[in-house]
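Asker: mind looking at a prediction? Sequence and model below.
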Amino acid sequence: KPLALPGAHVVVTGGSSGIGKCIAIECYKQGAFITLVARNEDKLLQAKKEIEMHSINDKQVVLCISVDVSQDYNQVENVIKQAQEKLGPVDMLVNCAGMAMSGKFEDLEVSTFERLMSINYLGSVYPSRAVITTMKERRMGRIVFVSSQAGQLGLFGFTAYSASKFAIRGLAEALQMEVKPYNVYITVAYPPDTDTPGFAEENRTKPLETRLISETTSVCKPEQVAKQIVKDAIQGNFNSSLGSDGYMLSALTCGMAPVTSITEGLQQVSSA
Ligand SMILES: NC(=O)C1=CN([C@@H]2O[C@H](COP(=O)(O)OP(=O)(O)OC[C@H]3O[C@@H](n4cnc5c(N)ncnc54)[C@H](OP(=O)(O)O)[C@@H]3O)[C@@H](O)[C@H]2O)C=CC1
Ligand SMILES: CCCCCCCCCCCCCCCC(=O)[C@@H](N)CO
């Protein structure tokens, strides 16, 4: 059964910018209560104002909490507790906090591998770990992981980034198998290049080869990406991708990932 967003509590990490902010807006437009989680407080307040312009009733709330999701599990757990005290149990968690850094393997600092793994991977483990018990008890919930097309295939320049985004998929597949009997559904999103502040930042140091490969697919708008992710999450689809290249990549790299319908499974076989 699709998740009903009106009145639901949606937590979005990385909700102060880019794709995360657009996901928050999309959910708010459909009547959800939102908790935004990110580090910078000014950006959080700015995003809150922007989201509030899309309210559909006067009960809706946007709560902001500043925390680094990649550092300390206890801190993250406290943040989730605070959010639940104010807005009730989390119906949907969207793990969107993350960043990209590119460069040839030998040019990347070793610390970059550690950093991307902790932000993109552990930064998705901690919030998910903090909500899962309640979701299982309530026999409902959605957890979204934002991976990337670079989490479906390894690309020149993305040795650190791709690995951190592949890791998310392993976590998600295993977790979905555990929580399906509890009516909790996991979605992994694989967005293409998307026009966000994070993307602009990433482009400042991108190797030419990476740029050329990336340019074979077009740059999407974050609103468009967000709409697709929210739609798939509500439906409980395990895979969320966008556009014809996104569709092909997902079909080619489906592996043994859960399928939502028999049709989807047959489609994967025929398009492969
Ligand atoms: N844009 C793109 O081309 C694509 C992006 N993605 C993925 O989508 C996600 C969002 O990307 P995008 O919208 O471009 O990024 P932005 O840089 O625009 O936004 C990132 C958000 O995450 C927050 N954030 C970053 N690090 C942390 C942290 N340690 N703890 C808490 N919050 C954090 C930022 O706030 P603050 O800095 O204040 O903490 C901000 O709200 C990322 O996971 C990215 O890898 C996937 C495919 C394509
Ligand atoms: C037959 C199948 C055809 C498919 C063509 C495949 C082409 C691959 C292009 C991948 C682009 C990389 C996107 C990474 C986005 C990202 O995560 C960063 N921008 C993060 O900010």
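Answerer: It's in. Ligands and ions are numbered 1, 2, ... in the order given.
Asker: so which bits of the stretch 1-150 of the chain are right by ligand 2?
Answerer: When proximity is defined as CB under 6 Å from any ligand atom, the stretch 1-150 of the chain approaches ligand 2 at 100, 148-150. For glycine as for every other residue, the C-beta is placed from the backbone atoms N, C-alpha and C.
Asker: let's go with 8 Å and repeat that
Answerer: Within the stretch 1-150 of the chain, the positions near ligand 2 by CB under 8 Å from any ligand atom are 99-100, 148-150.
Asker: do the stretch 151-272 of the chain as well
Answerer: Looking at ligand 2, the residues of the stretch 151-272 of the chain close enough under CB under 8 Å from any ligand atom are 151, 153, 155, 158, 161, 165, 191-194, 196, 198-199, 202, 213-214, 216-217, 245, 248-249, 252.
Asker: out of those, which are buried?
Answerer: With burial judged by 16 or more other CB atoms under 10 Å, the buried subset of those is 151, 155, 158, 161, 165, 191-194, 196, 198-199, 202, 213-214, 217, 249.
Asker: how close does Gly255 sit to ligand 1?
Answerer: Look at Gly255 and ligand 1: by CB to the nearest ligand atom, to the nearest Å, they are 19 Å apart.
Asker: in the stretch 151-272 of the chain, which spans are strands?
Answerer: Assigned by DSSP state E, counting those that start in this stretch, the stretch 151-272 of the chain shows strands spanning 184-189, 239-240.
Asker: out of those strands, which gets nearest to ligand 1?
Answerer: Shortest distance between ligand 1 and these, using CB to the nearest ligand atom, is found for strand 184-189: 7.7 Å.
Asker: quick one, grab the pLDDT at the residue of the chain at minimum distance from ligand 2.
Answerer: Nearest to ligand 2, among the residues of the chain, is Ser148, at 3.2 Å (CB to the nearest ligand atom). Note on Ser148: pLDDT of 98.
Asker: so what's the residue lying closest to it once chain neighbours are set aside up against?
Answerer: Computed as CB to CB, 6 or more residues apart in numbering, the closest residue to Ser148 that is not its neighbour in sequence is Lys165, at 4.7 Å. Lys165 sits next to 120, 147-148, 150-151 when contact means CB atoms under 8 Å, 6 or more residues apart in numbering.
Asker: adding secondary structure, write those residues out as a markdown table.
Answerer: Formatted as a markdown table, the contacts of Lys165 follow (DSSP: H, G, I helix; E, B strand; the rest coil):
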| residue | secondary structure |
| --- | --- |
| Asn120 | helix |
| Ser147 | coil |
| Ser148 | coil |
| Ala150 | helix |
| Gly151 | helix |
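Asker: next, format those as a markdown table and append distance to ligand 1.
Answerer: Shown next, in a markdown table, are the contacts of Lys165 (distance: CB to the nearest ligand atom, whole Å):
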| residue | distance to ligand 1 |
| --- | --- |
| Asn120 | 6 |
| Ser147 | 7 |
| Ser148 | 4 |
| Ala150 | 7 |
| Gly151 | 8 |
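Asker: show me what contacts Thr134?
Answerer: Neighbouring residues of Thr134 by CB under 8 Å, 6+ apart: 84, 89-90, 141.
Asker: avg pLDDT for the longest helix along the chain?
Answerer: For the chain, the longest helix by residue count, based on DSSP state H, is helix 159-179. Mean pLDDT, computed over helix 159-179, is 98.
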